[in-house]
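S.K.: Sequence and predicted model, in that order:
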Amino acid sequence: MACAYTRRVRVMTAGACLFSWLIAASLLLHPVSSKPGSLRVITDANWEEILTGEWMIEFFAPWCPACQQLQPVWNQFAEWGEDMGVNIAKVDVTEQPGLSGRFIITALPTIYHCKDGVFRRYQGPRSKDDFLSFIDEKKWQSVEPVSSWFGPSSFLMNAMSGLFKLSMFIRHCHNYLTEQMGVPVWGSYGIFALATLLSGLILGLVLVFIADFVFPSRRFAPDYHHRKLPAGQMRLLQQSEDEQEADGEEEDDEDEYEGKHEEWQPMGEVDALRRRGLNVPEEDT
């Protein structure tokens, strides 16, 4: 009986050890990390989601040492996001240059707090407890919000985002020309300079055509010079034009009357007038 009992205890102990070993192996294979979906990734395609609700957004770059130090803390902070009712997100500026220009990122890492479309820049300590107290105690209310002119959804920031995207596109083209096509660096710069010159000329012509169509020049209007004169000079000018028209009508009437009078003259008188004009004596006829 004692041997059987001892054998049973050994089997149970081995089973417990095996179960413990399996649990430890599973923990090693699946280390503790942030909750699934707790850390959001923001891109140019879904950035408008941050305009609703409360958000904490980190702008980082993989090559930035300060960003690498902050990343574990930010992941721990993201685990508390669901419990505190705040969305924790991150933006890789190397992959999303449009968002880098939209938020005017000049230093890394940069952290923004957003509450229903109102943005505030976080400039406090960067520990998990500091982030939690910033949200829990609503310290963000004491931070001055970003002006609407510089908000990410404003026209100015939309233009800035497009400019950053264009600069990144030009950089990719430059790398393609120099690395893939084998074009010298000075040749790539020359190509971009020529393209910039041609695009500027075309854009200038288009703007001139649009301006002439929308706002035609007043110099070609029939009453342009009349509108520039004062009222007194306008009356004098109108009187002089009326007098000239009257004189022109009188001259036309006189010419018409003289023509008719000459038609009724006898042929002899007409010939005499012609000879007098030519200084020919009448005796020679």
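M.R.: Arrived safely, thanks for sending.
S.K.: Low-confidence regions, the chain specifically.
M.R.: Within the chain, the stretches with pLDDT under 70 are 1-37, 217-234, 237, 246-285.
S.K.: Now do the helices in it.
M.R.: Assigned by DSSP state H, the helices in the chain fall at 2-29, 65-79, 81-84, 97-102, 128-136, 155-175, 185-214, 224-228, 231-264, 267-278.
S.K.: In stretch 142-160, which residues are buried?
M.R.: Within stretch 142-160, the residues that count as buried by 16 or more other CB atoms under 10 Å are 145, 146, 151, 152, 157, 160. For glycine as for every other residue, the C-beta is placed from the backbone atoms N, C-alpha and C.
S.K.: no no, stretch 88-97
M.R.: For stretch 88-97, by 16+ other CB under 10 Å, it's 88, 89, 90, 91, 92, 93, 96, 97.
S.K.: Same question for stretch 160-179.
M.R.: 160, 161, 164, 165, 168, 174, 177.
S.K.: Turn those into CSV, including distance to residue 62.
M.R.: Converted to CSV, these look like this (distance: CB to CB, whole Å):
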residue, distance to residue 62
160, 23
161, 21
164, 18
165, 20
168, 16
174, 22
177, 26
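S.K.: returning to that earlier point: export the buried residues of stretch 88-97 to CSV and tack on distance to residue 43?
M.R.: Formatted as CSV, the buried residues of stretch 88-97 follow (distance: CB to CB, whole Å):
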residue, distance to residue 43
88, 16
89, 10
90, 11
91, 8
92, 9
93, 11
96, 6
97, 11
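S.K.: just to revisit the earlier point, as TSV, the buried residues of stretch 142-160 with distance to residue 198 would be great.
M.R.: TSV is the format used below for these (distance: CB to CB, whole Å):
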residue	distance to residue 198
145	43
146	38
151	35
152	33
157	29
160	25
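S.K.: Now the two most distant members of those residues.
M.R.: Using CB to CB, these reach their maximum pairwise distance at 145 and 160, which is 18.5 Å.
S.K.: what number of residues lie near residue 204?
M.R.: Per other CB atoms under 10 Å, the neighbour tally for residue 204 reads 10.
S.K.: Break this protein down into its domains, please.
M.R.: Following the TED database, one finds the domains of the chain at 39-154, 156-205.
S.K.: Let me know which of the ones you listed is the nearest to residue 235.
M.R.: Of the domains of the chain, nearest to residue 235 by CB to CB is domain 156-205, at 43.6 Å.
S.K.: Can I get stretch 162-172 in PDB, CA atoms only?
M.R.: Taking Å, rounded to 0.1, in the frame of the first residue of the first chain, the C-alpha atoms of stretch 162-172 are listed here in PDB:
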ATOM      1  CA  GLY A 162       0.800  68.400 -49.800                       C
ATOM      2  CA  LEU A 163       4.100  70.200 -49.900                       C
ATOM      3  CA  PHE A 164       5.700  67.600 -47.700                       C
ATOM      4  CA  LYS A 165       4.300  64.800 -49.900                       C
ATOM      5  CA  LEU A 166       5.700  66.600 -53.000                       C
ATOM      6  CA  SER A 167       9.100  66.900 -51.400                       C
ATOM      7  CA  MET A 168       9.100  63.200 -50.500                       C
ATOM      8  CA  PHE A 169       8.000  62.300 -54.100                       C
ATOM      9  CA  ILE A 170      10.900  64.500 -55.400                       C
ATOM     10  CA  ARG A 171      13.300  62.700 -53.100                       C
ATOM     11  CA  HIS A 172      12.200  59.300 -54.300                       C
END
